[in-house]
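Q: Below are the sequence and a predicted model for it; my questions follow.
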2 protein chains.
Amino acid sequence: MQEQHIVKAFDRDLEAIQAMLMKMGGLVESAIVDGAQSLETRDVELADQVRQNDRQIDALEEQLVEETTRVIALRAPTASDLRTVMTVIKISSNLERVGDYAKNMAKRTTVLAEVNVIDGAAAQIRRMARDVQLMLKDALDAYIQRDEKLAMQVILRDEDVDQLYNALFRELLTFMMEDPRNITPCMHFHFIAKNVERMGDHVTSIAEQVIYLVTGEYPDESRPKQDKTSFISDAG
Amino acid sequence: MQEQHIVKAFDRDLEAIQAMLMKMGGLVESAIVDGAQSLETRDVELADQVRQNDRQIDALEEQLVEETTRVIALRAPTASDLRTVMTVIKISSNLERVGDYAKNMAKRTTVLAEVNVIDGAAAQIRRMARDVQLMLKDALDAYIQRDEKLAMQVILRDEDVDQLYNALFRELLTFMMEDPRNITPCMHFHFIAKNVERMGDHVTSIAEQVIYLVTGEYPDESRPKQDKTSFISDAG
(Lines give C-alpha, C1' and ligand atoms only; values in the text may rest on other atoms or scores of the structure.)
Protein backbone atom coordinates (compact mmCIF):
# COMPACT_ATOMS: atom_id res chain seq x y z
CA MET A 1 0.00 0.00 0.00
CA GLN A 2 2.76 2.37 1.03
CA GLU A 3 4.76 1.49 -2.06
CA GLN A 4 1.82 2.04 -4.36
CA HIS A 5 1.27 5.41 -2.73
CA ILE A 6 4.86 6.36 -3.49
CA VAL A 7 4.65 5.15 -7.08
CA LYS A 8 1.58 7.26 -7.68
CA ALA A 9 3.26 10.29 -6.18
CA PHE A 10 6.18 9.81 -8.55
CA ASP A 11 3.87 9.51 -11.55
CA ARG A 12 2.11 12.70 -10.52
CA ASP A 13 5.46 14.48 -10.16
CA LEU A 14 6.59 13.18 -13.52
CA GLU A 15 3.41 14.42 -15.15
CA ALA A 16 3.95 17.88 -13.70
CA ILE A 17 7.56 17.88 -14.92
CA GLN A 18 6.53 16.76 -18.38
CA ALA A 19 3.88 19.46 -18.50
CA MET A 20 6.58 22.05 -17.74
CA LEU A 21 8.74 20.55 -20.48
CA MET A 22 5.89 20.80 -23.00
CA LYS A 23 5.24 24.41 -21.99
CA MET A 24 8.93 25.14 -22.56
CA GLY A 25 8.74 23.33 -25.92
CA GLY A 26 5.74 25.42 -27.00
CA LEU A 27 7.58 28.65 -26.17
CA VAL A 28 10.62 27.49 -28.13
CA GLU A 29 8.45 26.58 -31.14
CA SER A 30 7.00 30.10 -31.12
CA ALA A 31 10.48 31.62 -30.76
CA ILE A 32 11.68 29.79 -33.89
CA VAL A 33 8.73 30.91 -36.02
CA ASP A 34 8.62 34.47 -34.66
CA GLY A 35 12.40 34.90 -34.92
CA ALA A 36 12.34 33.96 -38.60
CA GLN A 37 9.28 36.10 -39.25
CA SER A 38 10.81 39.16 -37.60
CA LEU A 39 13.78 38.81 -39.96
CA GLU A 40 11.68 38.49 -43.06
CA THR A 41 9.23 41.30 -42.30
CA ARG A 42 11.94 43.46 -40.64
CA ASP A 43 9.67 43.62 -37.61
CA VAL A 44 11.83 45.01 -34.80
CA GLU A 45 9.00 44.83 -32.25
CA LEU A 46 8.41 41.13 -32.83
CA ALA A 47 12.19 40.58 -32.54
CA ASP A 48 12.15 42.34 -29.17
CA GLN A 49 9.35 40.10 -28.02
CA VAL A 50 11.35 36.99 -28.96
CA ARG A 51 14.24 38.29 -26.88
CA GLN A 52 11.95 38.96 -23.93
CA ASN A 53 10.37 35.52 -24.15
CA ASP A 54 13.76 33.85 -24.09
CA ARG A 55 14.10 34.80 -20.43
CA GLN A 56 10.99 32.80 -19.68
CA ILE A 57 12.48 29.82 -21.53
CA ASP A 58 15.70 30.07 -19.52
CA ALA A 59 13.76 30.34 -16.28
CA LEU A 60 11.75 27.23 -17.17
CA GLU A 61 14.95 25.26 -17.75
CA GLU A 62 16.27 26.23 -14.32
CA GLN A 63 12.94 25.31 -12.73
CA LEU A 64 12.97 21.96 -14.50
CA VAL A 65 16.43 21.06 -13.20
CA GLU A 66 15.43 22.10 -9.68
CA GLU A 67 12.16 20.22 -9.85
CA THR A 68 13.70 17.02 -11.22
CA THR A 69 16.43 17.16 -8.58
CA ARG A 70 13.76 17.58 -5.90
CA VAL A 71 11.77 14.62 -7.24
CA ILE A 72 14.83 12.38 -7.39
CA ALA A 73 15.75 13.28 -3.81
CA LEU A 74 12.21 12.85 -2.54
CA ARG A 75 11.02 9.77 -4.45
CA ALA A 76 14.29 7.89 -5.04
CA PRO A 77 12.89 6.55 -8.32
CA THR A 78 13.75 3.15 -9.77
CA ALA A 79 16.33 2.83 -12.52
CA SER A 80 13.76 3.09 -15.29
CA ASP A 81 11.94 6.07 -13.77
CA LEU A 82 15.27 7.71 -13.11
CA ARG A 83 16.17 7.34 -16.77
CA THR A 84 12.92 9.09 -17.69
CA VAL A 85 13.73 11.96 -15.37
CA MET A 86 17.30 12.29 -16.64
CA THR A 87 15.93 12.48 -20.17
CA VAL A 88 13.86 15.50 -19.16
CA ILE A 89 17.03 17.31 -18.12
CA LYS A 90 18.77 16.56 -21.40
CA ILE A 91 15.77 17.58 -23.47
CA SER A 92 15.29 20.82 -21.56
CA SER A 93 18.94 21.64 -22.12
CA ASN A 94 18.46 21.10 -25.88
CA LEU A 95 15.34 23.25 -25.82
CA GLU A 96 17.18 26.03 -24.05
CA ARG A 97 19.88 25.99 -26.75
CA VAL A 98 17.29 26.14 -29.54
CA GLY A 99 15.65 29.09 -27.78
CA ASP A 100 19.02 30.82 -27.60
CA TYR A 101 19.57 30.38 -31.33
CA ALA A 102 16.09 31.79 -32.03
CA LYS A 103 16.89 34.77 -29.83
CA ASN A 104 20.19 35.33 -31.67
CA MET A 105 18.32 35.17 -34.96
CA ALA A 106 15.82 37.79 -33.78
CA LYS A 107 18.68 40.00 -32.55
CA ARG A 108 19.92 40.43 -36.11
CA THR A 109 16.59 41.86 -37.29
CA THR A 110 17.65 45.40 -36.33
CA VAL A 111 20.86 45.36 -38.33
CA LEU A 112 19.37 43.53 -41.32
CA ALA A 113 16.63 46.16 -41.50
CA GLU A 114 19.35 48.72 -42.29
CA VAL A 115 21.45 47.02 -44.97
CA ASN A 116 21.13 45.76 -48.54
CA VAL A 117 18.27 43.34 -49.14
CA ILE A 118 19.49 39.90 -50.22
CA ASP A 119 16.79 38.49 -52.50
CA GLY A 120 15.23 35.36 -51.11
CA ALA A 121 17.62 34.86 -48.19
CA ALA A 122 15.13 35.72 -45.45
CA ALA A 123 12.44 33.60 -47.11
CA GLN A 124 14.85 30.67 -47.31
CA ILE A 125 15.67 31.09 -43.62
CA ARG A 126 11.95 31.18 -42.84
CA ARG A 127 11.45 27.88 -44.66
CA MET A 128 14.34 26.28 -42.79
CA ALA A 129 12.99 27.61 -39.49
CA ARG A 130 9.52 26.30 -40.31
CA ASP A 131 10.97 22.82 -40.99
CA VAL A 132 12.83 22.88 -37.68
CA GLN A 133 9.73 24.02 -35.79
CA LEU A 134 7.70 21.14 -37.26
CA MET A 135 10.50 18.71 -36.42
CA LEU A 136 10.49 20.00 -32.85
CA LYS A 137 6.73 19.63 -32.60
CA ASP A 138 6.99 16.01 -33.73
CA ALA A 139 9.97 15.30 -31.48
CA LEU A 140 7.98 16.50 -28.46
CA ASP A 141 4.92 14.49 -29.56
CA ALA A 142 7.20 11.47 -29.95
CA TYR A 143 8.45 12.07 -26.42
CA ILE A 144 4.99 12.26 -24.87
CA GLN A 145 3.73 9.22 -26.79
CA ARG A 146 7.06 7.36 -26.48
CA ASP A 147 6.84 6.95 -30.25
CA GLU A 148 10.16 5.59 -31.51
CA LYS A 149 9.13 5.62 -35.17
CA LEU A 150 8.11 9.26 -35.15
CA ALA A 151 11.40 10.12 -33.43
CA MET A 152 13.32 8.31 -36.17
CA GLN A 153 11.42 10.28 -38.84
CA VAL A 154 12.46 13.51 -37.14
CA ILE A 155 16.11 12.45 -37.28
CA LEU A 156 15.88 11.72 -41.01
CA ARG A 157 14.18 15.04 -41.74
CA ASP A 158 17.18 16.88 -40.30
CA GLU A 159 19.02 16.05 -43.53
CA ASP A 160 16.62 18.29 -45.47
CA VAL A 161 17.44 21.19 -43.18
CA ASP A 162 21.15 20.54 -43.68
CA GLN A 163 20.65 20.55 -47.45
CA LEU A 164 18.75 23.84 -47.34
CA TYR A 165 21.63 25.29 -45.36
CA ASN A 166 24.22 24.09 -47.88
CA ALA A 167 22.25 25.57 -50.78
CA LEU A 168 21.86 28.92 -49.03
CA PHE A 169 25.57 29.02 -48.13
CA ARG A 170 26.51 28.72 -51.82
CA GLU A 171 23.95 31.32 -52.80
CA LEU A 172 25.29 33.79 -50.24
CA LEU A 173 28.82 33.38 -51.56
CA THR A 174 27.57 34.31 -55.05
CA PHE A 175 25.84 37.44 -53.76
CA MET A 176 29.03 38.50 -51.98
CA MET A 177 31.15 38.05 -55.09
CA GLU A 178 28.70 40.12 -57.11
CA ASP A 179 28.67 43.23 -54.97
CA PRO A 180 30.78 44.14 -51.91
CA ARG A 181 27.77 45.91 -50.39
CA ASN A 182 26.21 42.47 -50.02
CA ILE A 183 29.06 41.23 -47.84
CA THR A 184 27.81 42.50 -44.49
CA PRO A 185 24.20 41.30 -44.86
CA CYS A 186 25.42 37.96 -46.25
CA MET A 187 27.72 37.46 -43.26
CA HIS A 188 24.69 37.93 -41.02
CA PHE A 189 22.54 35.59 -43.08
CA HIS A 190 25.25 32.94 -43.06
CA PHE A 191 25.42 33.23 -39.31
CA ILE A 192 21.66 32.91 -38.99
CA ALA A 193 21.42 29.99 -41.43
CA LYS A 194 24.10 28.13 -39.49
CA ASN A 195 22.16 28.75 -36.29
CA VAL A 196 18.99 27.31 -37.79
CA GLU A 197 20.97 24.30 -38.99
CA ARG A 198 22.23 23.88 -35.42
CA MET A 199 18.68 24.13 -34.07
CA GLY A 200 17.95 21.11 -36.27
CA ASP A 201 20.86 19.27 -34.66
CA HIS A 202 19.46 19.94 -31.20
CA VAL A 203 15.99 18.77 -32.24
CA THR A 204 17.65 15.63 -33.62
CA SER A 205 19.28 15.19 -30.25
CA ILE A 206 15.85 15.39 -28.57
CA ALA A 207 14.57 12.69 -30.96
CA GLU A 208 17.59 10.56 -30.06
CA GLN A 209 16.70 10.92 -26.39
CA VAL A 210 13.21 9.62 -27.17
CA ILE A 211 14.69 6.56 -28.88
CA TYR A 212 17.01 6.01 -25.93
CA LEU A 213 14.07 6.27 -23.56
CA VAL A 214 11.98 3.72 -25.49
CA THR A 215 14.67 1.25 -26.55
CA GLY A 216 17.43 1.82 -23.97
CA GLU A 217 19.89 2.52 -26.80
CA TYR A 218 20.89 5.48 -28.87
CA PRO A 219 20.20 5.19 -32.61
CA ASP A 220 22.96 4.26 -35.03
CA GLU A 221 25.65 6.89 -35.48
CA SER A 222 25.72 6.05 -39.17
CA ARG A 223 23.62 9.06 -40.19
CA PRO A 224 25.90 11.11 -42.41
CA LYS A 225 26.56 14.72 -41.39
CA GLN A 226 25.15 16.89 -44.14
CA ASP A 227 26.90 20.21 -43.57
CA LYS A 228 29.22 20.06 -46.55
CA THR A 229 30.40 23.66 -46.31
CA SER A 230 33.51 22.68 -44.35
CA PHE A 231 34.70 21.22 -47.62
CA ILE A 232 33.68 24.02 -49.98
CA SER A 233 36.78 25.86 -51.14
CA ASP A 234 35.29 27.39 -54.24
CA ALA A 235 32.05 29.30 -54.56
CA GLY A 236 31.60 28.09 -58.15
CA MET B 1 27.86 2.15 10.90
CA GLN B 2 25.77 1.14 7.93
CA GLU B 3 25.16 4.80 7.09
CA GLN B 4 28.83 5.68 7.29
CA HIS B 5 29.58 2.79 4.99
CA ILE B 6 27.09 4.16 2.47
CA VAL B 7 28.46 7.68 2.74
CA LYS B 8 31.95 6.47 2.00
CA ALA B 9 30.75 4.47 -0.96
CA PHE B 10 29.12 7.61 -2.37
CA ASP B 11 32.30 9.63 -1.90
CA ARG B 12 34.28 6.95 -3.68
CA ASP B 13 31.78 6.93 -6.54
CA LEU B 14 31.87 10.71 -6.75
CA GLU B 15 35.65 10.68 -6.91
CA ALA B 16 35.57 8.19 -9.77
CA ILE B 17 33.01 10.33 -11.59
CA GLN B 18 35.04 13.48 -11.08
CA ALA B 19 38.16 11.73 -12.34
CA MET B 20 36.26 10.84 -15.53
CA LEU B 21 35.14 14.45 -15.83
CA MET B 22 38.73 15.69 -15.49
CA LYS B 23 39.90 13.19 -18.09
CA MET B 24 37.21 14.48 -20.43
CA GLY B 25 38.27 18.06 -19.63
CA GLY B 26 41.91 17.28 -20.48
CA LEU B 27 40.92 15.82 -23.83
CA VAL B 28 38.82 18.89 -24.61
CA GLU B 29 41.69 21.22 -23.69
CA SER B 30 43.95 19.37 -26.13
CA ALA B 31 41.27 19.47 -28.81
CA ILE B 32 41.03 23.28 -28.53
CA VAL B 33 44.79 23.82 -28.81
CA ASP B 34 45.34 21.19 -31.51
CA GLY B 35 42.34 22.36 -33.54
CA ALA B 36 43.68 25.92 -33.64
CA GLN B 37 47.21 24.73 -34.39
CA SER B 38 46.09 22.51 -37.26
CA LEU B 39 44.43 25.58 -38.82
CA GLU B 40 47.47 27.80 -38.47
CA THR B 41 50.05 25.29 -39.67
CA ARG B 42 47.66 23.79 -42.26
CA ASP B 43 48.36 20.42 -40.67
CA VAL B 44 45.71 18.08 -42.07
CA GLU B 45 47.01 15.08 -40.08
CA LEU B 46 46.67 16.89 -36.76
CA ALA B 47 43.18 17.98 -37.79
CA ASP B 48 42.27 14.34 -38.45
CA GLN B 49 43.53 13.40 -35.02
CA VAL B 50 41.32 16.06 -33.40
CA ARG B 51 38.32 14.57 -35.21
CA GLN B 52 39.24 11.07 -34.08
CA ASN B 53 39.68 12.16 -30.47
CA ASP B 54 36.26 13.78 -30.44
CA ARG B 55 34.68 10.32 -30.47
CA GLN B 56 36.45 9.54 -27.22
CA ILE B 57 35.10 12.78 -25.73
CA ASP B 58 31.55 11.90 -26.80
CA ALA B 59 31.92 8.39 -25.38
CA LEU B 60 33.10 9.80 -22.06
CA GLU B 61 30.04 12.03 -21.84
CA GLU B 62 27.74 9.08 -22.37
CA GLN B 63 29.63 7.08 -19.77
CA LEU B 64 29.38 9.95 -17.31
CA VAL B 65 25.61 10.20 -17.66
CA GLU B 66 25.25 6.45 -17.24
CA GLU B 67 27.58 6.36 -14.26
CA THR B 68 25.91 9.28 -12.47
CA THR B 69 22.49 7.74 -13.08
CA ARG B 70 23.75 4.47 -11.64
CA VAL B 71 25.16 6.22 -8.57
CA ILE B 72 21.94 8.14 -7.94
CA ALA B 73 19.91 4.94 -8.21
CA LEU B 74 22.28 2.96 -6.00
CA ARG B 75 23.22 5.50 -3.32
CA ALA B 76 20.11 7.73 -3.22
CA PRO B 77 22.31 10.72 -2.30
CA THR B 78 21.20 13.56 -0.05
CA ALA B 79 20.05 16.85 -1.57
CA SER B 80 23.52 18.39 -1.42
CA ASP B 81 25.30 15.34 -2.86
CA LEU B 82 22.64 15.10 -5.52
CA ARG B 83 23.34 18.70 -6.52
CA THR B 84 27.01 17.83 -6.91
CA VAL B 85 26.17 14.90 -9.16
CA MET B 86 23.75 16.95 -11.26
CA THR B 87 26.49 19.53 -11.76
CA VAL B 88 28.71 16.83 -13.26
CA ILE B 89 26.06 16.15 -15.90
CA LYS B 90 25.76 19.81 -16.80
CA ILE B 91 29.52 20.31 -16.97
CA SER B 92 30.06 17.22 -19.09
CA SER B 93 27.41 18.46 -21.50
CA ASN B 94 29.27 21.80 -21.78
CA LEU B 95 32.57 19.97 -22.32
CA GLU B 96 31.03 17.87 -25.07
CA ARG B 97 29.86 21.02 -26.86
CA VAL B 98 33.31 22.63 -26.61
CA GLY B 99 34.82 19.43 -28.02
CA ASP B 100 32.36 19.59 -30.91
CA TYR B 101 33.35 23.16 -31.71
CA ALA B 102 37.03 22.18 -31.65
CA LYS B 103 36.27 19.31 -34.02
CA ASN B 104 34.41 21.67 -36.37
CA MET B 105 37.38 24.05 -36.28
CA ALA B 106 39.77 21.24 -37.20
CA LYS B 107 37.43 20.13 -40.01
CA ARG B 108 38.00 23.43 -41.82
CA THR B 109 41.76 22.89 -41.97
CA THR B 110 41.47 20.97 -45.25
CA VAL B 111 39.55 23.68 -47.07
CA LEU B 112 41.59 26.56 -45.63
CA ALA B 113 44.77 24.85 -46.81
CA GLU B 114 43.50 25.31 -50.38
CA VAL B 115 42.36 28.94 -50.47
CA ASN B 116 43.79 32.46 -50.16
CA VAL B 117 45.81 33.10 -47.00
CA ILE B 118 44.23 35.76 -44.78
CA ASP B 119 47.09 37.51 -42.99
CA GLY B 120 46.94 37.09 -39.26
CA ALA B 121 43.51 35.46 -39.08
CA ALA B 122 44.74 31.99 -38.09
CA ALA B 123 47.12 33.48 -35.54
CA GLN B 124 44.29 35.53 -34.04
CA ILE B 125 42.14 32.39 -33.82
CA ARG B 126 45.03 30.58 -32.14
CA ARG B 127 45.27 33.33 -29.51
CA MET B 128 41.52 33.20 -28.86
CA ALA B 129 41.68 29.41 -28.60
CA ARG B 130 44.62 29.60 -26.20
CA ASP B 131 42.66 32.00 -23.97
CA VAL B 132 39.67 29.67 -23.96
CA GLN B 133 41.84 26.65 -23.16
CA LEU B 134 43.38 28.45 -20.17
CA MET B 135 39.91 29.53 -19.02
CA LEU B 136 38.77 25.92 -19.23
CA LYS B 137 41.78 24.73 -17.26
CA ASP B 138 40.98 27.23 -14.50
CA ALA B 139 37.25 26.45 -14.58
CA LEU B 140 38.03 22.76 -14.01
CA ASP B 141 40.52 23.61 -11.25
CA ALA B 142 37.87 25.83 -9.68
CA TYR B 143 35.47 22.89 -9.83
CA ILE B 144 37.82 20.44 -8.15
CA GLN B 145 38.82 22.95 -5.46
CA ARG B 146 35.30 24.40 -5.17
CA ASP B 147 36.97 27.78 -5.68
CA GLU B 148 34.28 30.39 -6.21
CA LYS B 149 36.73 33.27 -6.75
CA LEU B 150 38.66 31.49 -9.48
CA ALA B 151 35.35 30.62 -11.16
CA MET B 152 34.35 34.29 -11.10
CA GLN B 153 37.68 35.27 -12.70
CA VAL B 154 37.01 32.81 -15.51
CA ILE B 155 33.64 34.43 -16.15
CA LEU B 156 35.20 37.89 -16.38
CA ARG B 157 37.94 36.71 -18.75
CA ASP B 158 35.30 35.62 -21.24
CA GLU B 159 34.84 39.29 -22.11
CA ASP B 160 38.37 39.38 -23.54
CA VAL B 161 37.54 36.49 -25.84
CA ASP B 162 34.39 38.27 -26.96
CA GLN B 163 36.41 41.39 -27.72
CA LEU B 164 38.96 39.44 -29.76
CA TYR B 165 36.07 38.00 -31.72
CA ASN B 166 34.56 41.41 -32.41
CA ALA B 167 37.92 42.76 -33.60
CA LEU B 168 38.48 39.78 -35.91
CA PHE B 169 34.95 40.06 -37.33
CA ARG B 170 35.61 43.65 -38.41
CA GLU B 171 38.99 42.74 -39.84
CA LEU B 172 37.48 39.92 -41.90
CA LEU B 173 34.89 42.27 -43.37
CA THR B 174 37.69 44.55 -44.54
CA PHE B 175 39.55 41.68 -46.22
CA MET B 176 36.38 40.64 -48.02
CA MET B 177 35.73 44.15 -49.32
CA GLU B 178 39.29 44.36 -50.62
CA ASP B 179 39.31 41.24 -52.76
CA PRO B 180 36.48 38.86 -53.66
CA ARG B 181 38.93 35.94 -53.55
CA ASN B 182 39.12 36.54 -49.80
CA ILE B 183 35.39 35.98 -49.36
CA THR B 184 35.41 32.19 -49.08
CA PRO B 185 38.32 31.93 -46.61
CA CYS B 186 36.87 34.82 -44.56
CA MET B 187 33.49 33.10 -44.34
CA HIS B 188 35.26 30.08 -42.91
CA PHE B 189 37.31 32.17 -40.49
CA HIS B 190 34.22 34.01 -39.33
CA PHE B 191 32.56 30.69 -38.69
CA ILE B 192 35.56 29.42 -36.73
CA ALA B 193 35.94 32.63 -34.73
CA LYS B 194 32.28 32.49 -33.74
CA ASN B 195 32.77 28.88 -32.64
CA VAL B 196 35.71 29.82 -30.43
CA GLU B 197 33.67 32.64 -28.95
CA ARG B 198 30.93 30.09 -28.21
CA MET B 199 33.46 27.77 -26.59
CA GLY B 200 34.16 30.65 -24.22
CA ASP B 201 30.44 30.86 -23.43
CA HIS B 202 30.36 27.17 -22.54
CA VAL B 203 33.43 27.50 -20.32
CA THR B 204 31.68 30.44 -18.65
CA SER B 205 28.72 28.19 -18.09
CA ILE B 206 31.00 25.63 -16.38
CA ALA B 207 32.34 28.38 -14.11
CA GLU B 208 28.74 29.37 -13.30
CA GLN B 209 28.02 25.77 -12.29
CA VAL B 210 30.98 25.93 -9.88
CA ILE B 211 29.56 29.06 -8.29
CA TYR B 212 26.15 27.41 -8.04
CA LEU B 213 27.73 24.38 -6.41
CA VAL B 214 29.60 26.45 -3.82
CA THR B 215 27.03 29.16 -3.07
CA GLY B 216 23.73 27.52 -4.06
CA GLU B 217 23.02 30.42 -6.41
CA TYR B 218 23.92 31.32 -9.97
CA PRO B 219 26.01 34.48 -10.38
CA ASP B 220 24.39 37.76 -11.37
CA GLU B 221 23.02 37.86 -14.88
CA SER B 222 24.31 41.42 -15.18
CA ARG B 223 27.40 40.44 -17.18
CA PRO B 224 26.96 42.24 -20.49
CA LYS B 225 27.01 40.13 -23.64
CA GLN B 226 30.04 41.26 -25.60
CA ASP B 227 29.28 39.96 -29.07
CA LYS B 228 28.50 43.28 -30.69
CA THR B 229 28.43 42.00 -34.25
CA SER B 230 24.65 41.57 -34.21
CA PHE B 231 24.58 45.35 -34.30
CA ILE B 232 27.25 45.99 -36.91
CA SER B 233 25.59 47.17 -40.11
CA ASP B 234 28.62 48.83 -41.64
CA ALA B 235 32.08 47.39 -42.09
CA GLY B 236 33.62 50.87 -41.68
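A: Arrived safely, thanks for sending.
Q: any idea which helix is longest in chain A?
A: helix A:2-41 (DSSP state H).
Q: Name the residues of the following helix or strand past that helix that are buried.
A: Using DSSP states H and E, the helix or strand that follows helix A:2-41 in sequence is helix A:44-75. Of all the residues in helix A:44-75, those buried under the rule 16 or more other Cβ atoms under 10 Å in any protein chain shown are A:46-47, A:49-51, A:53-54, A:57-58, A:60-61, A:64-65, A:67-69, A:71-73, A:75. No exception for glycine: its C-beta is placed from N, CA and C like everyone else's.
Q: which of the residues you listed are close to chain B?
A: Within the set of the buried residues of helix A:44-75, contact with chain B (Cβ under 8 Å from any Cβ of the partner chain) is found for A:65, A:69, A:72-73.
Q: just curious, which of these is nearest to residue B:142?
A: In terms of Cβ to Cβ, no member of these lies closer to residue B:142 than residue A:65, at 20.3 Å.
Q: need the contact list for that closest one.
A: Listed by Cβ atoms under 8 Å, 6 or more residues apart in numbering or on different chains, the contact set of residue A:65 reads A:89, A:92, B:86, B:90.
Q: of those, buried ones?
A: A:89, A:92, B:86, B:90.
Q: now for these, which pair is the farthest apart?
A: Every pair of the buried ones among the contacts of residue A:65 checked by Cβ to Cβ; the farthest is A:92 and B:86, at 12.4 Å.
Q: picking that back up, okay, and which of the buried ones among the contacts of residue A:65 map to helices?
A: Using DSSP H, the buried ones among the contacts of residue A:65 in helices are A:89, A:92, B:86, B:90.
Q: Output these as TSV; include the columns pLDDT and distance to residue B:109.
A: Converted to TSV, these look like this (pLDDT from 0 to 100; distance: Cβ to Cβ, whole Å):
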residue	pLDDT	distance to residue B:109
A:89	90	35
A:92	94	35
B:86	88	37
B:90	90	31
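Q: now, among those, which is nearest to residue A:149?
A: residue A:92 (23.6 Å).
Q: looking at it, the closest one is touching residue A:62, isn't it?
A: No: between residue A:92 and residue A:62 there is no contact under Cβ atoms under 8 Å: 9.3 Å.
Q: and residue A:219, how many neighbours?
A: 17 (other Cβ atoms under 10 Å in any protein chain shown).
Q: Got the phi and psi for it?
A: phi -60, psi 160 (degrees, to the nearest 10).
Q: For the nearest residue to it once chain neighbours are set aside, which residues are in contact?
A: Distance criterion Cβ to Cβ, 6 or more residues apart in numbering or on different chains; nearest residue to residue A:219, sequence neighbours excluded, is residue A:211 at 5.0 Å. By Cβ under 8 Å, 6+ apart, the contact list for residue A:211 reads A:148, A:151-152, A:217-219.
Q: Mind listing what's buried along the helix or strand harbouring residue A:211?
A: Applying DSSP H and E as the criterion places residue A:211 in helix A:183-215. Using 16+ other Cβ under 10 Å as the test for burial, helix A:183-215 gives A:183-214.
Q: could you check the angle helix B:183-215 makes with that helix?
A: 50 degrees (axes from the mean of the first three to the mean of the last three Cα atoms, to 10 degrees).
Q: What average pLDDT does helix A:183-215 get?
A: Averaged across helix A:183-215, pLDDT comes to 93.
Q: do stretch A:130-150 as well
A: Averaged across stretch A:130-150, the pLDDT comes to 97.
Q: now that stretch: how far from the chain's centre is it?
A: Relative to its parent chain, stretch A:130-150 has a centroid offset of 11 Å by Cα atoms, centre = their mean, to the nearest Å.
Q: what's the answer for stretch A:74-86, then?
A: Taking Cα atoms, centre = their mean, the mean C-alpha location of stretch A:74-86 is offset from the chain mean by 25 Å.
Q: just stretch A:97-117 next, same as before
A: 16 Å.
Q: Next, the distance between the ends of that stretch.
A: 28 Å (Cα to Cα, to the nearest Å).
Q: near chain B, anything from that stretch?
A: Yes: with Cβ under 8 Å from any Cβ as the criterion, chain B is reached by stretch A:97-117 at A:104, A:107-108, A:110-111, A:114-115.
Q: what sits against residue A:153?
A: Each residue near residue A:153 by Cβ under 8 Å, 6+ apart is listed here: residue A:138.
Q: what about it, distance to chain B?
A: Distance of residue A:153 to chain B, given as Cβ to the nearest Cβ, to the nearest Å: 24 Å.
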